[in-house]
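# quick one: sequence plus predicted model below, questions after.
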Amino acid sequence: MIWLKKSKIRGIHDLEGKTIAVPGIPYQEDLLESVLTEAGLKLEDVEVQRVAYELVPTLLQRKADAIFGGSWNIEGIALREHGARPVVRRVQELGIPSYDELVVITRADRVAKEPRAIRDFISALSRAVAMVKRDPEAAVELIEASNSALGHEEVEAQVKATIPLMSASAGQEP
């Protein structure tokens, strides 16, 4: 959950009657409901606005009072890089158990039919993690090349914040 310091929101209980922007992914709304319940609120006590990937502009333009479903190391940093003073509450601080952010799922029949493709994908993912850790600036350049809307300092700060979260071995757990 992220809100701006100037909003005067001090905690989840202050969100009653407020608008919370979410990407619109169903499980995130379920998590939001759990967070609100923990604070004594119901989903009906807030207005939920589905904004897809427009969390940062929605908050900066004051179209929502808070955002949920963003990441501290992406949206939190983007807000800071835009000169805002975000207050970031990770879901683990709000009563949600820690969970893996990246989960790769495939069908069992696909694994049986194309085991090499699955191994190659996991291998490429592991090599990418190792590359980012070895050469963060190359990762910044690749991200910038694929999304020209992001500024260099913003991407650099996001990559720097994300690296400590990456697997120490760059390996993937089957």
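Nice, thanks for sending it over. Residues are numbered from 1 along each chain as shown.
# which parts of the longest helix seen in the chain are buried?
The helix spanning the most residues in the chain, taking DSSP state H as the definition, is helix 115-134. Neighbour-count burial for helix 115-134, with 16 or more other Cβ atoms under 10 Å as criterion, is recorded at 118, 122, 125, 129, 132. To be clear about C-beta, it is placed using only N, CA and C from the backbone, and glycine gets the same treatment.
# elements contacting it?
helix 108-113, helix 136-146 (3 or more Cβ pairs under 8 Å, 6 or more residues apart in numbering; DSSP states H and E).
# thinking again about what came up before, quick one: which of the buried residues of helix 115-134 is nearest to V155?
Distances from V155 to the buried residues of helix 115-134, taken as Cβ to Cβ, are shortest for V132 (12.0 Å).
# from A84, how far off is the closest one?
Counting by Cβ to Cβ, to the nearest Å, the gap from V132 to A84 is 26 Å.
# check the nearest residue to Y53 once chain neighbours are set aside and give its pLDDT.
In space, and not counting its chain neighbours, Y53 is closest to P23: 6.7 Å by Cβ to Cβ, 6 or more residues apart in numbering. pLDDT recorded at P23 is 94.
# gap between K160 and P23?
24 Å.
# most tightly packed of the helices and strands packed on helix 115-134?
Among the helices and strands packed on helix 115-134, helix 136-146 has the highest mean neighbour count (mean count of other Cβ atoms under 10 Å), at a mean of 14.
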